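J.: quick one, fold the following:
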Amino acid sequence: MKILILGSKEYPMGSNKGDDPMPSGGMETYVDDLAQELSKYCSLLIVTRRFKGTQKRERLGNIEVLRVPYLKGKYLRNLTFNFLSFLASLRLVRKADAIYPQGLIASFFSYFLSRIYGKPIAARPAGIAYRQYSGFLLKIIWLLTRKVYRICDCVVFHSEGERADFINKLGFAPKRSEVILTGIPVKKFSQHTASTKHSFGVSQNALVVGFIGRFVEVKGIEYLVRAASLMKDKETLFMLVGDGPDKAKIQGLIKKLGLEDRFIFTGFTREIPKALAAMDIFVISSWYEGLPTSLLEAMAAGKPCVVTDIGLPVKDGETGLVVPPKDPENLAHALDSLAKDAGLRKRLGHSGQEFVLENCTQEKAAKKHFEMFNTLKR
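T.: Take a look at the predicted model:
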């Protein structure tokens, strides 16, 4: 069986090397982790972007990689990459048994590939794209989202919560859907890593709340900053790992609230286990997500997590703490609860780790994908 994977803007992770100043996100990490294990079950054809120093074509074991050019820019890179991926796939898709597009635009172009060659599509929304836009563009993307996911042979969600939110917001259920939890290299994060607080200029005794992700509006970092200002514990430090277009805005809010001495910006890094080792508490403050890989990595590392109530596979009081989105008061209260209770931190961290070790391995995710693709063959 051969699967054509479209939409991932970097493969393998690390290929970019700064050629595009906008770093890759969860979609690319997801494909990178999945492909390693899925390629043991079937052949993969991955179309991705070409960066300086990379080959146009490359074979990595059972994975064939084709890299296409693109135009840089916040709004151009995704559209141009997916369009050129579509053109390249007009030849590649003949060898494929199924198409696995990541995100709305890749799914849109996959529809035409499917119509031309009769190949089944299992699409992964990777978040509902229209939420990030407004005005006329919002309307276009909304209509496109409803059209594209209606015609897919299967839609893959990361959690039951994500599927329920999809149906609620878009007003229809896909004709077929599967929930497959993201698979991550759990051993990479679950093995003990010595504290690295000193690497970030932090005292070993300091309590550190961490965030990992892109600095964009949907991540809700603004509400995390406001929660920091509302906490009773004024000694807690916050470490923000990542980069993005909203960085200056976030820094401006921190300065306005007089919190400069409590926030640490590390910039983008691929050394996530090292960053997690410096954290005592991990936060997802987004007002929408599919299933962020960073959350599973933090849980695998045994970090107690506070997440917003957006359909993530976290049980309040059992595998983490859950608070309403866009609610800095409740977020501050949850952080204070963990800051003052080491026993609670240990209990939630352990139970979260057990959940990931049992449900979110690469092996389990790859096997479920393979079983799904087998049922899609036309």
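J.: C-alpha coordinates for the strand or helix carrying Ala88, PDB please?
T.: Using DSSP states H and E, Ala88 sits in helix 76-92. Output of helix 76-92 as PDB, limited to C-alpha atoms (Å, rounded to 0.1, in the frame of the first residue of the first chain):
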ATOM      1  CA  LEU A  76       1.600  33.100   0.400                       C
ATOM      2  CA  ARG A  77       3.700  30.200   1.600                       C
ATOM      3  CA  ASN A  78       0.800  27.900   2.400                       C
ATOM      4  CA  LEU A  79      -1.200  28.600  -0.700                       C
ATOM      5  CA  THR A  80       1.700  28.500  -3.200                       C
ATOM      6  CA  PHE A  81       3.200  25.400  -1.600                       C
ATOM      7  CA  ASN A  82      -0.100  23.500  -1.700                       C
ATOM      8  CA  PHE A  83      -0.800  24.600  -5.300                       C
ATOM      9  CA  LEU A  84       2.600  23.400  -6.500                       C
ATOM     10  CA  SER A  85       2.200  20.200  -4.500                       C
ATOM     11  CA  PHE A  86      -1.000  19.600  -6.300                       C
ATOM     12  CA  LEU A  87       0.700  20.000  -9.700                       C
ATOM     13  CA  ALA A  88       3.500  17.600  -8.700                       C
ATOM     14  CA  SER A  89       1.000  15.100  -7.300                       C
ATOM     15  CA  LEU A  90      -0.800  14.900 -10.700                       C
ATOM     16  CA  ARG A  91       1.900  12.300 -11.500                       C
ATOM     17  CA  LEU A  92       2.600  10.900  -8.100                       C
END
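J.: now do the next helix-or-strand element following that helix: distance to the chain's middle.
T.: Where DSSP H and E defines the elements, the next helix or strand beyond helix 76-92 is strand 98-101. With CA atoms, centre = their mean, to the nearest Å as the basis, strand 98-101 stands 19 Å off its chain's centre.
J.: what packs against the helix holding Ala88?
T.: The contact analysis (3 or more CB pairs under 8 Å, 6 or more residues apart in numbering; DSSP states H and E) places helix 76-92 against strand 2-6, strand 43-49, strand 63-68, helix 104-117. (Each C-beta comes from the backbone N, C-alpha and C, glycine too.)
J.: which parts of the last one are buried?
T.: With burial defined by 16 or more other CB atoms under 10 Å, the residues of helix 104-117 counted as buried are Leu104, Ile105, Ala106, Ser107, Phe108, Phe109, Ser110, Tyr111, Leu113, Ser114.
J.: and which of those residues is nearest Arg226?
T.: In terms of CB to CB, no member of the buried residues of helix 104-117 lies closer to Arg226 than Leu104, at 30.5 Å.
J.: isn't the closest one up against Thr145?
T.: Yes - using CB atoms under 8 Å, Leu104 is in contact with Thr145, at 5.9 Å.
J.: excluding its backbone neighbours, what's nearest Ser229?
T.: Leu257 (4.6 Å; CB to CB, 6 or more residues apart in numbering).
J.: take the buried residues of helix 104-117 and lay them out in a markdown table including distance to Cys360 and pLDDT.
T.: Shown next, in a markdown table, are the buried residues of helix 104-117 (distance: CB to CB, whole Å; pLDDT from 0 to 100):
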| residue | distance to Cys360 | pLDDT |
| --- | --- | --- |
| Leu104 | 25 | 91 |
| Ile105 | 27 | 92 |
| Ala106 | 24 | 95 |
| Ser107 | 24 | 95 |
| Phe108 | 29 | 94 |
| Phe109 | 30 | 96 |
| Ser110 | 26 | 96 |
| Tyr111 | 30 | 93 |
| Leu113 | 30 | 96 |
| Ser114 | 30 | 94 |
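J.: want to throw those into TSV with distance to Thr182?
T.: Output for these, formatted as TSV (distance: CB to CB, whole Å):
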residue	distance to Thr182
Leu104	19
Ile105	21
Ala106	18
Ser107	18
Phe108	23
Phe109	24
Ser110	21
Tyr111	25
Leu113	25
Ser114	25
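J.: tell me the one of those nearest Leu76?
T.: Of these, the one sitting nearest to Leu76 (CB to CB) turns out to be Ile105, at 11.9 Å.
J.: for the spatially closest residue to that closest one that is not a sequence neighbour, what are its contacts?
T.: Nearest residue to Ile105, sequence neighbours excluded (CB to CB, 6+ apart): Asn82, at 4.4 Å. Each residue near Asn82 by CB atoms under 8 Å, 6 or more residues apart in numbering is listed here: Leu6, Gly7, Ile105, Ala106, Phe108, Phe109.
J.: relative to Lys346, which of the residues you listed is nearest.
T.: Lys346 lies nearest to Gly7 out of these, by CB to CB, at 39.2 Å.
J.: what does stretch 108-124 rub up against?
T.: 4, 6, 82-83, 85-86, 89-90, 93-94, 96-103, 107, 144, 148-149, 151-157, 178, 372-373, 376-378.
J.: Glu222: how many residues sit nearby?
T.: 17 (other CB atoms under 10 Å).
J.: are we agreed that it is in a strand?
T.: No - in this structure, Glu222 is helix, not part of a strand, as judged by DSSP: H, G, I helix; E, B strand; the rest coil.
J.: that one is in contact with Ile254, isn't it?
T.: No - with contact defined as CB under 8 Å, Glu222 and Ile254 do not form a contacting pair (10.0 Å).
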